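S.K.: sequence unavailable; structure follows:
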């Protein structure tokens, strides 16, 4: 969800991720959804450092990928 309450993200991307089920999906274009979540066994990390005004507001994301 964006700052203005609009759903964001590509359906095609979501469908590909769900079909191949990687351990980790990292992205950063949707600035308002910074953070980490897990859905369907996939860890999603939005590592965007700026907000919708392009102000530097978020800390870098550290993720421990266990092999």
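M.R.: That came through fine. Only a predicted model underlies this, so the values are computations on that prediction, with no experimental measurement involved.

S.K.: could you use CA atoms for every contact and neighbour count after this?
M.R.: Will do.

S.K.: run through the bridge partners of residue 38.
M.R.: The bridge-partner assignment for residue 38, based on DSSP bridges, gives residue 43.

S.K.: could you number the chain from 433 rather than 1 from now on?
M.R.: Right, with 433 as the first residue, what we last looked at is residue 470.

S.K.: that one and residue 476 touch, don't they?
M.R.: Yes: if you go by CA atoms under 8 Å, residue 470 and residue 476 touch, sitting 5.9 Å apart.

S.K.: who's more crowded, the two?
M.R.: residue 476 (18 against 12; other CA atoms under 10 Å).

S.K.: chain neighbours aside, what residue packs nearest to the more buried one?
M.R.: residue 457 (4.9 Å; CA to CA, 6 or more residues apart in numbering).

S.K.: backbone dihedrals for the one you found, please?
M.R.: phi -130, psi 110 (degrees, to the nearest 10).

S.K.: stretch 448-461: end-to-end distance?
M.R.: End-to-end distance of stretch 448-461 (CA to CA, to the nearest Å): 17 Å.

S.K.: try stretch 454-467
M.R.: 18 Å.

S.K.: with stretch 491-499 instead?
M.R.: End-to-end distance for stretch 491-499, by CA to CA: 25 Å.

S.K.: who touches stretch 464-479?
M.R.: With contacts defined as CA atoms under 8 Å, 6 or more residues apart in numbering, stretch 464-479 is touched by 433-435, 450, 453-462, 480-481, 483-484, 490, 492-493.

S.K.: pull out the buried members of those residues.
M.R.: Buried residues within the contacts of stretch 464-479, counting neighbours by 16 or more other CA atoms under 10 Å: 462, 480-481, 483.

S.K.: show me which pair in the residues you listed is furthest apart.
M.R.: By the measure CA to CA, the buried ones among the contacts of stretch 464-479 have their two most distant members at 462 and 481, which lie 10.4 Å apart.

S.K.: strands - which of the contacts of stretch 464-479 land there?
M.R.: 456-459 (DSSP state E).

S.K.: which one of those is nearest residue 497?
M.R.: Using CA to CA, the ones in strands among the contacts of stretch 464-479 come closest to residue 497 at residue 456, 8.2 Å.
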